[in-house]
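J.: Got a predicted model here, sequence first, then my questions.
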Amino acid sequence: MAPLGDSAVIIQLGTDINEQTQLLASALTKQLENDPFPGFIECVPAFTSVTVFYHPFEVYQQMKNSTSFDSPYEKVKTLIKKSIQELTIEEEAEKRTVEIPVCYGGRFGPDLEEVARINGLTPKEVIDIHTAGEYLVYMIGFAPGFPYLGGMSEKIAAPRRSSPRTSIPAGSVGIAGMQTGVYPLSTPGGWQLIGNTPLDLFRPHEQPPSLLKAGDMVKFVSVTEEEYERLKEGES
């Protein structure tokens with residue numbers, strides 16, 4: 001556990017990216033959100049850590065009658081340690097599974113053929129493998145609503161593009177190494193693009209604004225261009 005500036009603390013829960021560490025990060029996040037300490041703002045879970053943001057002055061107000069702590073950080077660290085000691089990890093009987101429709105290849109996935117070539121497959125085989133998997137959302141990051149997904153088959157792994165694109169369309173489904181993900185907003189990026197979803201993964205006017213959260217499972221479903229356009233119209 002270490003300070004991150006003067007209003008946050010980062011809790012390192014492991015060194016390897018795996019489902020057990022993700023489960024621990026989700027459990028700690030849920031516990032702190034359900035039973036927040038005075039001054040708590042929010043938790044941000046990542047692959048192997050959880051960052052807790054807090055209001056230093058509100059924490060200091062709680063320390064006025066105590067001489068046990070030298071700083072708000074020391075107080076917050078003690079409160080978090082207490083939460084960790086009381087933490088009970090119970091794997092959810094059923095994780096939430098979110099189906100994401102994807103139109104693969106063509107103008108929607110300009111790198112599909114390249115991913116197929118790299119792996120000695122046909123484009124259809126890449127699609128079949130990509131849609132056969134179930135993917136765990138390890139964290140949301142890089143851009144609002146962007147899910148980092150684990151569980152992709154090594155059969156369709158592909159390196160990042162040597163020359164990143166300056167603008168990637170929102171909804172683009174990409175592959176980078178052993179990871180797959182979805183760009184919720186139009187941003188620069190270097191992932192290999194194999195398709196596009198009509199779903200809005202980032203919905204700023206809704207609460208919560210991200211369609212996905214850490215701990216969710218994702219299932220990609222192949223759709224035709226006509227189905228894509230109909231679904232896209234329904235999202236507008």
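T.: Nice, thanks for sending it over.
J.: got a list of contacts for the host helix or strand of residue 233?
T.: Using DSSP states H and E, residue 233 falls within helix 225-235. Outside helix 225-235, the residues that touch it by Cβ atoms under 8 Å, 6 or more residues apart in numbering are 101, 103, 106, 108, 196, 198, 199, 200, 223. Using the backbone N, CA and C atoms, a C-beta is placed for each residue, glycine as well.
J.: quick one, domains of the chain?
T.: 2-85, 97-235 (automatic domain parsing).
J.: ok so, going back, what comes up buried for the helix holding residue 233?
T.: Within helix 225-235, the residues that count as buried by 16 or more other Cβ atoms under 10 Å are 228, 232.
J.: Identify the residues contacting the residue lying closest to residue 151 once chain neighbours are set aside.
T.: Excluding its sequence neighbours, the residue lying closest to residue 151 (Cβ to Cβ, 6 or more residues apart in numbering) is residue 135, at 4.7 Å. Contact analysis of residue 135 by Cβ under 8 Å, 6+ apart lists 149, 150, 151, 152, 180, 217, 218, 219, 220.
J.: same thing but 7 Å
T.: Taking Cβ atoms under 7 Å, 6 or more residues apart in numbering, we find residue 135 in contact with 149, 150, 151, 152, 180, 217, 218.
J.: Secondary structure and pLDDT added to those residues, as TSV?
T.: Shown next, in TSV, are these (DSSP: H, G, I helix; E, B strand; the rest coil; pLDDT from 0 to 100):
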residue	secondary structure	pLDDT
149	strand	92
150	strand	88
151	coil	89
152	coil	94
180	strand	94
217	strand	93
218	strand	96
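J.: Which of those residues sits closest to residue 123?
T.: Distances from residue 123 to these, taken as Cβ to Cβ, are shortest for residue 180 (15.6 Å).
J.: Not counting sequence-adjacent ones, nearest residue to that closest one?
T.: residue 152 (4.8 Å).
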